[in-house]
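>>> here is a sequence with its predicted model. Questions after.
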Amino acid sequence: MNQLVNSLVTQKSILITGGAGGVGKTTAAAALGTIAALETDRKVLVLTVDPAKRLADAMGLAKFGNVVTKVDLSGFGERSPKGELYAAMLDTKASWDDLVIRYAPNMRVRGEILANPIYRNISSRFVQSHDYIAMESLYDLYNKGDFDLLIVDTPPSRNAMDFLDAPERMADFFSSKLLRWITAPYRSRLVATAFKPFYQVADRIIGSDFLEQVAEFFILFQSMYDGFIERGKSVSALLRSDVTSFLVVTSPEYLPMREAEFFLGALRERHLNLGALIVNRSLPYYLGDQNAIQIAQRLIADSEILVKDRFLGVDPRIMRGVLSEIGSTYLDFSNLYGQQHNLLATLLVDKAKVLATPYLETDVADLTSLERIGSNLDFVKF
Amino acid sequence: MNNLEGHSDLGDAILSKRLVIVTGKGGVGKSTITAGLARLSSKAGLRTLVCEVDARGDVSAAFGIENVEFKPKAVAPNLYVMAMNTEDALAEYLRLNLRIPIITKLGPLAKAFDFVANAAPGVKEILVMGKICYEVRERNYDIVFVDASASGHIVSQLASPAGISELFQIGLVKEQTAWMQEILSNPSTTALILVVTPEETPVVESLELIDRLANETSMNVIGAVINKVMAEPFSNSQGEIFRSIMTGDLHDDFLAIAGDSSDAFLATSSLATGLRESRSSHSREFISKLPVGIATIFIPYFMGAEDGIRLSREIAEALDGELSGS
């Protein structure tokens, strides 16, 4: 196991992956979890938001949904695992309900919140709420202490920073004056007059029924205010502490790399710990070989001379075609490799924290390939 | 209306719409394909607007410009680009509908509305769709291309007019949703294009998305762009020779000419062949499971055309080739 990977999975308690959609965040999280459980004595939980189906199958998640499930690592033969691997899918609706149940001051409020149409909409559909609830569940799991290492795959955010700020945003949200504004006329007639202009406009736009539902929801939610603020602060503190490291995941392509750059900047700004930048699906180093590039050019340009007196029994024309195809395939990939490598070199990141996983021809579909990815994670040579 | 002759059925179908929404899983090249389609449409003489919904700047990168804002920016003849921003959309909406000249004058009121938009379910979604549908209705452009949100979120955006009209009993928003629904669900006005790469996860998720769109919205997927398709490196007779170079009689001769680099060459060609095989099988699977009525086109994987603007030009040309009638 790479030494940086080793120190991350043995010394940290929380690893959070982030990056653009489709770059293999979940795969990276699952691969790290798999090798950590195989090679260290830690009890590892991989918590994922929306795993691809085959990956979920590979980890045995399909059957169990959001319940924490032990992943069977017995398939690695004589290499019996030193630790344990668990996996769970995050069910945002259920997590919101848990939160309400925990903080509602009494049974009546709890029931009313759970039944409020706005709440139901927010908890099940509202995309922004996923960021918050993911961090919230993480905090909960950390405090329960059932696991040594939590590896979390973050929801594909529209904005890389959304989940980083989610706990604070939620706290701001509940302490804001605006919240009081909106709920004011439903609490007191007197205040209502002061905010009349707002309500006239609001009524015309969204209708008073809806506004009333929104207000009711907020009034109910305000009863959980203290719990939320307190909790938001604690979650933020946990994310900033030394037990947590962030892993920025990217593929070596242009747009995901731009997203990674953005994300690295967001971590720096917030003084959050960068554990590693993981470049998934990196092309092999042999594509950067200058000598090979020259020979490849010859395979194309001098194929006539090269096949002379060689490859006997083969139609020289077809043979030449094969040689120049081998040459140009190498040059194409080499060109791609060069561009990706240059792109990577421009990222503002500590080069000693850049790891790469190899380019696999096939999709990651089982624990064996997860293990392969995890144990092949290694430093990028610059 | 314009010179649309010489396009295939799908090409014609796309350019005959007023609103074309392009969606797909993250990483499949949605933004570059949107940019390519928009280039094509502007070249066909249509006044074209591209709207980037996820404000990540990927579409702007494809046109080689920076800092695209809510106000459309001309990037080429007939071609305008804008980035969606719910705050601006709200301000514009209020200005147009309530005749409040400058919303900022209202100070905290504007903030309050933004707050409601953030907090109340579906309000952001409806603002996004509202602005897009508004541009379509006002006919400021012949055609509007939307680089939509990645898979999951698009359904809630498209379903938002219907959803919100259930949630809101009265009010302007309620009235507003009716015309939006009309635009979105009219197959001669609006169409969805799905971008997919021939890889396991994008294929599975795209098929799921098609199902969800059919069940939860009234939108029509008319075409699927299979992006990053890899060419077969060797013909049949070449393939046989390649195998013999790899492990058979021709290996030593190849070693003699390629020297130390032999392994690198053979590994690269094997990688290319392997990728091609895996991709074509996912491609076949995708096409075989695609509901009838969805046309497909193939766009090659442009190796080395990594930066946004060059890639988008290559893709526009490839789209042109695929979508023109020949």
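Sure, I can see it. Numbers count the residues shown, from 1 in each chain, chains lettered A, B, ... in the order given.

>>> what are the ranges of the strands in the stretch 1-150 of chain B?
Ranges of strands in the stretch 1-150 of chain B, per DSSP state E, counting those that start in this stretch, are B:19-23, B:48-52, B:73-76, B:79-83, B:143-147.

>>> got these as a markdown table, with distance to A:Asn376 columns?
Quick note: C-beta positions are derived from backbone N, CA and C, even for glycine. Below are these laid out as a markdown table (distance: least, CB to CB, whole Å):
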| stretch | distance to A:Asn376 |
| --- | --- |
| strand B:19-23 | 34 |
| strand B:48-52 | 36 |
| strand B:73-76 | 42 |
| strand B:79-83 | 39 |
| strand B:143-147 | 35 |
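
>>> how close does the one residue in the stretch 1-150 of chain B that gets nearest to chain A sit to A:Ser80?
Going by CB to the nearest CB, chain A is nearest to B:Gly26 of the stretch 1-150 of chain B, at 2.0 Å. From B:Gly26 across to A:Ser80, the span is 37 Å (CB to CB, to the nearest Å).

>>> looking at the two, which has the bigger crowd around it?
Each of B:Gly26 and A:Ser80 has its neighbours counted (other CB atoms under 10 Å in any protein chain shown); B:Gly26 has more, 23 against 9.

>>> contact partners of stretch B:65-76?
Contact partners of stretch B:65-76, identified using CB atoms under 8 Å, 6 or more residues apart in numbering or on different chains, comprise B:39, B:42, B:49, B:52, B:57, B:59-60, B:63, B:80-85, B:88-89, B:92.

>>> hmm, which of these are the buried ones?
By neighbour count, with 16 or more other CB atoms under 10 Å in any protein chain shown, the contacts of stretch B:65-76 hold B:39, B:42, B:49, B:52, B:57, B:59-60, B:63, B:80-85, B:88-89, B:92 as buried.

>>> check these one by one and keep those near chain A.
Contacts with chain A within those, counted by CB under 8 Å from any CB of the partner chain: B:Gly57.

>>> how about B:Phe242, nearest residue that isn't a chain neighbour?
Spatial nearest neighbour of B:Phe242, excluding adjacent residues (CB to CB, 6 or more residues apart in numbering or on different chains): B:Phe234 at 5.3 Å.

>>> which residues does that neighbour contact?
A:Val322, A:Glu325, B:Ile241, B:Phe242, B:Ser269, B:Thr273.

>>> let's see if you can find the most crowded of those residues.
In terms of neighbour count, A:Val322 stands highest of the contacts of B:Phe234 at 28 neighbours, by other CB under 10 Å.

>>> any idea how far that one is from chain B?
Going from A:Val322 to chain B by CB to the nearest CB, to the nearest Å gives 5 Å.

>>> hang on, that residue packs against B:Glu240?
No: if you go by CB atoms under 8 Å, A:Val322 and B:Glu240 don't touch, sitting 9.4 Å apart.

>>> got any ranges where chain A has weak pLDDT?
Scanning chain A for pLDDT under 70 picks out A:50-54, A:62-66, A:121-130, A:155-164, A:166-214, A:361-363.

>>> as CSV, could you dump the C-alpha coordinates of stretch A:7-17?
C-alpha atoms of stretch A:7-17 as CSV (Å, rounded to 0.1, in the frame of the first residue of the first chain):
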residue,chain,number,x,y,z
SER,A,7,-1.2,7.0,6.7
LEU,A,8,-4.6,8.3,5.6
VAL,A,9,-6.5,5.1,6.3
THR,A,10,-4.7,4.4,9.6
GLN,A,11,-4.4,7.9,11.1
LYS,A,12,-7.6,9.5,10.0
SER,A,13,-11.1,8.8,11.3
ILE,A,14,-13.0,10.5,8.5
LEU,A,15,-12.2,10.7,4.8
ILE,A,16,-14.5,12.7,2.6
THR,A,17,-14.3,12.5,-1.2
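
>>> name the surrounding residues that touch it.
A:1, A:25-26, A:28-29, A:32, A:35-36, A:40, A:42, A:44, A:138, A:142, A:148-154, A:238-239, A:243-249, A:275-276, A:278.

>>> contacting chain B as well, which ones from the residues you listed?
Within the contacts of stretch A:7-17, nothing lies near chain B by CB under 8 Å from any CB.

>>> of those, which belong to helices?
Per DSSP state H, helices hold the following members of those: A:Lys25, A:Thr26, A:Ala28, A:Ala29, A:Leu32, A:Ile35, A:Ala36, A:Leu138, A:Tyr142, A:Leu238, A:Leu239.

>>> from these, list the buried ones, please.
Those of those that meet the buried threshold are A:Lys25, A:Thr26, A:Ala28, A:Ala29, A:Leu32, A:Ile35, A:Ala36, A:Leu138, A:Tyr142, A:Leu238, A:Leu239, by 16+ other CB under 10 Å.

>>> pretty sure the second one sits against A:Asp153.
Translated: A:Thr26. Yes: if you go by CB under 8 Å, A:Thr26 and A:Asp153 touch, sitting 4.6 Å apart.

>>> what about B:Glu277, neighbour count?
If you count neighbours by other CB under 10 Å, B:Glu277 ends up with 14.

>>> pLDDT score for it?
pLDDT for B:Glu277: 89.

>>> how much space between B:Phe298 and A:Leu274?
Look at B:Phe298 and A:Leu274: by CB to CB, they are 39 Å apart.

>>> A:Leu336 too?
Distance, A:Leu336 to A:Leu274, by CB to CB: 27 Å.

>>> more crowded one of these two?
Taking neighbours as other CB under 10 Å, A:Leu336 and A:Leu274 compare with A:Leu336 leading, 20 against 16.

>>> the helices in the stretch 51-200 of chain B, which residues?
Secondary structure of the stretch 51-200 of chain B by DSSP state H, counting those that start in this stretch: the helices cover B:58-62, B:86-98, B:108-119, B:123-138, B:151-167, B:172-185, B:200-216.

>>> any idea which of the ones you listed scores lowest on pLDDT?
helix B:108-119 (a mean of 56).

>>> going by proximity to chain B, name the top residue of chain A.
Among the residues of chain A, A:Gly21 lies closest to chain B, at 2.0 Å counting by CB to the nearest CB.

>>> ramachandran angles for that residue?
Torsion angles at A:Gly21 (phi, psi; degrees, to the nearest 10) stand at phi -70, psi 150.

>>> ok, now which ones touch A:Lys70?
Listed by CB under 8 Å, 6+ apart, the contact partners of A:Lys70 are A:Glu84, A:Leu85, A:Tyr86.

>>> tell me if the second one really is in a strand.
When you say that, I think you mean A:Leu85. Yes: remark: A:Leu85 belongs to a strand, assigned using DSSP: H, G, I helix; E, B strand; the rest coil.

>>> quick one on the thing from earlier: TSV please, covering the contacts of A:Lys70 and showing neighbour count and distance to chain B.
Below are the contacts of A:Lys70 laid out as TSV (neighbours: other CB atoms under 10 Å in any protein chain shown; distance: CB to the nearest CB, whole Å):
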residue	neighbour count	distance to chain B
A:Glu84	17	27
A:Leu85	28	22
A:Tyr86	20	23
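
>>> of the residues you listed, which is the nearest to A:Ser375?
A:Leu85 (14.5 Å; CB to CB).

>>> what's the burial count for the nearest residue to the closest one once chain neighbours are set aside?
Of all residues beyond its chain neighbours, the one nearest A:Leu85 is A:Ala37 (3.6 Å), with distances taken as CB to CB, 6+ apart. Other residues lying near A:Ala37 total 27 when counted by other CB under 10 Å.

>>> after the longest helix along chain B comes which helix or strand?
Criterion DSSP H: the longest helix present in chain B is helix B:262-289. As assigned by DSSP states H and E, the chain's next helix or strand after helix B:262-289 is strand B:295-300.

>>> what comes up buried for that next one?
Here strand B:295-300 shows B:Ala295, B:Thr296, B:Ile297, B:Ile299 as buried, counting by 16+ other CB under 10 Å.

>>> same check on stretch B:128-142?
The neighbour-count check on stretch B:128-142 (16+ other CB under 10 Å) flags B:Val128, B:Met129, B:Gly130, B:Lys131, B:Ile132, B:Cys133, B:Tyr134, B:Glu135, B:Val136, B:Tyr141, B:Asp142 as buried.

>>> do the same with stretch A:142-156
A:Tyr142, A:Phe147, A:Asp148, A:Leu149, A:Leu150, A:Ile151, A:Val152, A:Asp153, A:Thr154, A:Pro155, A:Pro156.

>>> thank you, goodbye.
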